[in-house]
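Visitor: Everything below, folded, please.
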Amino acid sequence: MDISPTPDTSGTRARTEARRPTDVARLRRVRDLIDRTYAAPLDVLALARGADMAPGCLSRRFRTVYGQSPYAYLTARRVDRATLLLRGDLGVDAVGAAVGCATPGIFTARFTELVGLAPERFRRLAEDAATTADTAVGAAVAPGIEGLPACLAQRVARAVRNQEAQAPARPLT
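Guide: Residues are numbered from 1 along each chain as shown. A predicted model of the protein is given here:
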């Protein structure tokens, strides 16, 4: 118990608490549940109930351990799966429904936000790359992950929201 007169503003206490073995195991179960049931309607309240944690506590600790909120992780998982499905025969609306998005508009908005291309444009580029054996789409989405294990490839190729992406450095001329 910390009885110091000044509050800990460095965040180290929160990171330490979130990395306790029991909490990490619970958070891993939550992440695994999201990975397995990404197409089902999920909310933080249900996830927290399953992990026996308060919803706010789950959100904070999940973000501390995995670097993003449970909702952001779920959205990224859905978009990752959608990029695979868009290379197949399903239409954009069917892909959105298959990955658990409530409406085609939400699917298009989230996909565009994370990938940087509208789903139709992504599909066309993927088809062009497949027919011409050009790897421009794969290289633009996830360069150099072919030989990595799935757990590392997912971490490296994680979709990044446009607001999170670092701006290119401007030359100082």
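Visitor: Domain map for this structure?
Guide: Described in terms of automatic domain parsing, the domain architecture of the chain consists of the residue ranges 13-67, 73-156.
Visitor: per-stretch mean pLDDT over the ones you listed, give me the minimum one.
Guide: Comparing mean pLDDT across the domains of the chain, the lowest value falls on domain 73-156: a mean of 80.
Visitor: hang on, the earlier thing: can I get the domains of the chain in JSON lines with mean neighbour count?
Guide: Heads up, the C-betas are built off the backbone N, CA and C, glycines and all. Below are those laid out as JSON lines (neighbours: other CB atoms under 10 Å):
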{"stretch": "domain 13-67", "mean neighbour count": "15"}
{"stretch": "domain 73-156", "mean neighbour count": "16"}
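Visitor: which stretches of this protein form helices?
Guide: With DSSP state H as the criterion, the chain has helices at 12-18, 21-36, 44-51, 55-66, 70-85, 92-98, 104-115, 119-132, 136-141, 150-156.
Visitor: Quick check: Pro55 touching Leu45?
Guide: Yes: between Pro55 and Leu45 there is a contact at 5.3 Å, judged by CB atoms under 8 Å.
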